[in-house]
Every structure is written in structure tokens, then in C-alpha cells.
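Trainee: With the sequence up front, the predicted model follows.
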Amino acid sequence: MSYAVKEMFLTLQGEGVNAGRRAVFIRFAGCNLWSGRERDRATAICRFCDTDFVGVDGEGGGRFADAAALAEAAAGFWGEEREERFCVLTGGEPMLQVDDTLVDALHTAGFTIAIESNGTLAVHPGLDWVCISPKAGSEVVQRSGDELKLVWPQPGTDVDVLETWDFAHLLAQPLDTGSVEGNAATEAEAIALVMARPRWRLTLQAHKRLGLR
């Protein structure tokens with residue numbers, strides 16, 4: 001199987017429990033919550049997406065002929081040192097492409113593998129860290145994992161239901177509106193959610209504040 005990757009790069013994880021950890025990000029092309037020939041947010045369930053997942057023309061991206069080639073490229077971004085190798089599979093929706101062969105190849109290359117998924121597809125059982133970010137209006141089938149990251153606010157989201165799912169960590173992340181005023185409002189709403197529900201913790205997009213990818 002070949003793999004379509006929008007971009008690949010070395011950075012620090014900016015969100016969630018693993019925030020601050022050195023990581024190779026592998027952003028797969030394509031998402032099952034978007035339809036259309038061009039990126040039209042009006043046709044998407046997830047209308048607040050802040051990433052470009054269309055095509056394979058990003059830095060480090062491309063069409064990889066097999067899992068070994070993709071794992072080799074990821075290792076190249078990390079460097080020769082194998083200790084603490086960590087990669088994040090993201091998108092778009094990475095579970096449209098992640099399979100046994102890729103998981104095995106990345107593990108063979110020494111990576112601990114995390115995934116960031118919308119949860120509408122069951123995640124691969126061999127992954128080491130599972131982060132699910134549910135989108136209102138979608139049918140989430142992956143209701144267990146390491147962290148549930150809720151972009152907030154999302155009208156139509158039943159937080160009571162989310163709290164019945166089996167996740168070790170419940171995180172509220174303020175929605176990025178693209179404006180200072182809008183972000184101040186969503187940050188206040190996310191803080192209010194955490195203050196009202198102590199099982200939740202606030203997570204911020206530190207990479208954006210630090211000017212990282």
C-alpha cells in the first residue's frame with residue numbers, strides 16, 4: 001500500500017498531555033469529514049479545521065510507495081539517535097491510511113506512535129497513544145483511548161455523554177477563531193467548562209503561541 005502525506009516535520013507537540021515533547025508530525029492527506037473537490041468549509045462537518053490536509057505538496061510530504069519508505073523518511077527527520085523517538089500521525093484523518101504494515105514499520109524504526117483522530121473510524125490497536133478529538137455532528141466509534149481532546153465550544157456537543165467514554169484524560173481546548181477577540185471568548189468558555197467540570201483540564205495550542213509548526 002502507498003501513503004499520501006501532506007507534510008512531515010520535526011517539532012514539539014503543542015497540545016494535550018504530551019505537550020512539549022519532541023515529535024515527528026506525519027500529516028496524512030484527506031479527511032472523511034470533508035467532501036468536495038476544493039476545501040469548502042460549508043460542505044464539512046468540521047468547519048473549524050485549522051490545518052491544510054489537501055494534496056501532498058507540503059514540506060516533507062509526498063506519495064510514499066510503501067511503509068518502509070515512510071518510516072525511513074520519519075527517521076530522517078528525527079535524526080540518527082533512536083532514543084525517545086516519537087511520532088504523531090495526524091491529518092486530515094490518519095485512520096483512512098494507517099494499517100498494520102505502517103505501524104510495524106514505525107515501531108521497527110524505534111518510534112512510539114501517537115495518533116490524533118476524529119474517532120469516526122476505529123483506531124489501529126497497535127498504536128501507543130490515542131487522542132480522539134470528536135466533532136459535533138459526526139458518529140464517533142472510537143470511544144476509548146488515552147486522551148479525549150474537545151475543541152470548545154462546539155454547539156450540539158453533549159459533554160455528559162463524552163464523560164461516559166473510556167479515556168484516561170479529558171481535555172478542553174479553546175477553539176481558534178483566527179481573531180484575538182474571538183479567541184479570548186473561546187478561551188473563557190473553555191475555562192468555564194473546566195471550572196464547572198473538574199474531571200476536565202485545559203489545554204492550549206502552545207505551538208501557535210511559540211511560533212512553531
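Mentor: Everything's here; your move.
Trainee: Low-confidence stretches in the chain?
Mentor: For the chain, the stretches flagged by pLDDT under 70 are 35-52.
Trainee: run the last query once more with 90
Mentor: Counting by pLDDT under 90, the chain shows low-confidence ranges at 1, 32-55, 57, 92, 206-213.
Trainee: residue ranges of the helices in it, please?
Mentor: 67-78, 100-108, 159-162, 180-196, 206-210 (DSSP state H).
Trainee: Export the ones you listed as CSV, with columns for mean neighbour count.
Mentor: Any C-beta I mention is one placed from the backbone N, CA and C, and that applies to glycine too. Output for those, formatted as CSV (neighbours: other Cβ atoms under 10 Å):
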stretch, mean neighbour count
helix 67-78, 19
helix 100-108, 18
helix 159-162, 13
helix 180-196, 14
helix 206-210, 13
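Trainee: Next, format those as TSV and append distance to residue 55.
Mentor: Converted to TSV, the helices of the chain look like this (distance: least, Cβ to Cβ, whole Å):
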stretch	distance to residue 55
helix 67-78	17
helix 100-108	20
helix 159-162	33
helix 180-196	28
helix 206-210	22
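Trainee: burial measure for the nearest residue to residue 206 once chain neighbours are set aside, as a count.
Mentor: Nearest residue to residue 206 in three dimensions, chain neighbours excluded: residue 14, at 4.5 Å (Cβ to Cβ, 6 or more residues apart in numbering). Residues contacting residue 14 under the criterion other Cβ atoms under 10 Å number 21.
Trainee: before we move on, what about residue 158?
Mentor: Other residues lying near residue 158 total 9 when counted by other Cβ under 10 Å.
Trainee: Next up, phi/psi of it, please.
Mentor: phi -100, psi 100 (degrees, to the nearest 10).
Trainee: Contacts only, for it.
Mentor: Residue 158 makes no contacts at all, as judged by Cβ atoms under 8 Å, 6 or more residues apart in numbering.
Trainee: again with residue 204
Mentor: With Cβ under 8 Å, 6+ apart, residue 204 has these contacts: 15, 173, 174.
Trainee: so can I have CSV of these showing neighbour count and distance to residue 146?
Mentor: Listed next are these as CSV, based on neighbours: other Cβ atoms under 10 Å; distance: Cβ to Cβ, whole Å:
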residue, neighbour count, distance to residue 146
15, 20, 13
173, 19, 15
174, 23, 21
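Trainee: and stretch 21-29, which residues are buried?
Mentor: Of all the residues in stretch 21-29, those buried under the rule 16 or more other Cβ atoms under 10 Å are 21, 23, 24, 25, 26, 27, 28, 29.
Trainee: List the beta-bridge partners for the residue nearest to the spatial centre of the chain.
Mentor: Nearest to the geometric centre of the chain sits residue 116, at 2.9 Å (Cα atoms, centre = their mean). Under DSSP bridges, the beta-bridge partners of residue 116 are residue 131.
Trainee: ok now do it, which residues does it touch?
Mentor: Under the criterion of Cβ under 8 Å, 6+ apart, the neighbours of residue 116 are 88, 89, 90, 91, 94, 131, 133, 149.
Trainee: Alpha carbons of stretch 90-110, as PDB, please.
Mentor: The C-alpha coordinates for stretch 90-110 follow below in PDB (Å, rounded to 0.1, in the frame of the first residue of the first chain):
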ATOM      1  CA  THR A  90      -2.500  13.300  12.200                       C
ATOM      2  CA  GLY A  91      -4.400  14.800   9.300                       C
ATOM      3  CA  GLY A  92      -7.000  15.200   8.000                       C
ATOM      4  CA  GLU A  93      -8.000  11.800   9.300                       C
ATOM      5  CA  PRO A  94      -5.000   9.500   9.600                       C
ATOM      6  CA  MET A  95      -7.100   6.300  10.100                       C
ATOM      7  CA  LEU A  96      -8.000   6.500   6.400                       C
ATOM      8  CA  GLN A  97      -4.500   5.200   5.700                       C
ATOM      9  CA  VAL A  98      -2.900   3.800   8.800                       C
ATOM     10  CA  ASP A  99      -2.500   0.000   8.600                       C
ATOM     11  CA  ASP A 100      -0.600  -3.000  10.100                       C
ATOM     12  CA  THR A 101       2.400  -2.500   7.800                       C
ATOM     13  CA  LEU A 102       2.900   1.100   8.700                       C
ATOM     14  CA  VAL A 103       2.500   0.600  12.400                       C
ATOM     15  CA  ASP A 104       5.100  -2.300  12.200                       C
ATOM     16  CA  ALA A 105       7.500  -0.200  10.100                       C
ATOM     17  CA  LEU A 106       7.400   2.800  12.500                       C
ATOM     18  CA  HIS A 107       7.900   0.500  15.500                       C
ATOM     19  CA  THR A 108      10.800  -1.200  13.800                       C
ATOM     20  CA  ALA A 109      12.300   2.300  13.300                       C
ATOM     21  CA  GLY A 110      12.100   2.800  17.000                       C
END
